[in-house]
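Asks: Here you go, sequence then predicted model.
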Amino acid sequence: MNSQANIPIGREGQVYQYSLRDLLTIVFKRRWLILATLLTVVTVVMLATLRMPRTYRVTATLLVNEARAEVPIGPTESTQVIAGQVSEQDLNSEIVVLTSRKLIEDVVRRLIAEEPLNLESSDAVGRSISAVSAGDEETQRSEFNAIVADLMGSLDISVIKKSNALQLSYVSTDPEWAARVVGTLTDEYLKQRVL
């Protein structure tokens, strides 16, 4: 009995080696099975991809600068503006500000106040915003909190490596809605940082 399973033994105990011709013969004999399997896999993947909803990612890049007016110690006549290096802690602090509940609530309030989009094509957050104005006070408050939580969870904010920039992005099934969310967030952030 052969101690090595799966290795064919020829006459006189020699190990049989497959040649390229033998392998091509096997592939040629099974060509219809191979083609059918390949076509089935490609068709299933293509149909699944076509049935998936389109998603749109809107990104904005924010440059974080640290500039401060500093009075020189020596006897000079003017005040110098010294641009300091932004540290990793500064960038992380800005991410905390961008993801803060207060800022997101301000964004949602502004989105509610603005003229709504065609909400049939909008994503779930957009449809929820239209529902906020329709219900009673308790329903409005719970919908508002749900929208804020959704928005906080769906924002992606990251530091761009080796730079003083932050990139924020939002993914939606509606490109106009995604652009409104990112635009409103950057506007509210800049208002908050200027004050």
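Replies: Sure thing, it's come through.
Asks: and residue 106, how many neighbours?
Replies: Per other Cβ atoms under 10 Å, the neighbour tally for residue 106 reads 18. Any C-beta I mention is one placed from the backbone N, CA and C, and that applies to glycine too.
Asks: mind showing which ranges of the protein have poor pLDDT?
Replies: 1-16, 67-84, 115-135, 195 (pLDDT under 70).
Asks: if you set the cut-off to 80 instead, what comes out?
Replies: The chain contains residues with pLDDT under 80 at 1-18, 66-86, 114-140, 193-195.
Asks: Going along the chain, name the helices of it.
Replies: With DSSP state H as the criterion, the chain has helices at 20-29, 31-51, 88-98, 101-113, 124-132, 137-154, 175-194.
Asks: What are the contacting residues of the second one?
Replies: Right, the one you point to is helix 31-51. residue 27 (Cβ atoms under 8 Å, 6 or more residues apart in numbering).
Asks: if you set the cut-off to 10 Å instead, what comes out?
Replies: Identification of contacts with helix 31-51 by Cβ atoms under 10 Å, 6 or more residues apart in numbering yields 27, 28, 30.
Asks: before we move on, the earlier item: so for residue 163, which of the helices of the chain sits nearest?
Replies: Set against residue 163 and scored by Cβ to Cβ, the helices of the chain come closest in helix 88-98, at 9.2 Å.
Asks: In the closest one, which of the residues would be classed as buried?
Replies: Buried positions in helix 88-98, judged by neighbour count with 16 or more other Cβ atoms under 10 Å: 91, 94, 95, 98.
Asks: and the residue nearest to the first one when sequence neighbours are not counted, how many residues sit next to it?
Replies: Counting by Cβ to Cβ, 6 or more residues apart in numbering, residue 159 is the residue found nearest to residue 91 once chain neighbours are left out, at 4.9 Å. By the measure other Cβ under 10 Å, the count of residues near residue 159 is 16.
Asks: what's residue 159 in contact with, if anything?
Replies: 64, 88, 91, 92, 94, 95, 165, 166, 167.
Asks: So what sits opposite it in the bridge?
Replies: Assessed by DSSP bridges, residue 159 has beta-bridge partners residue 166.
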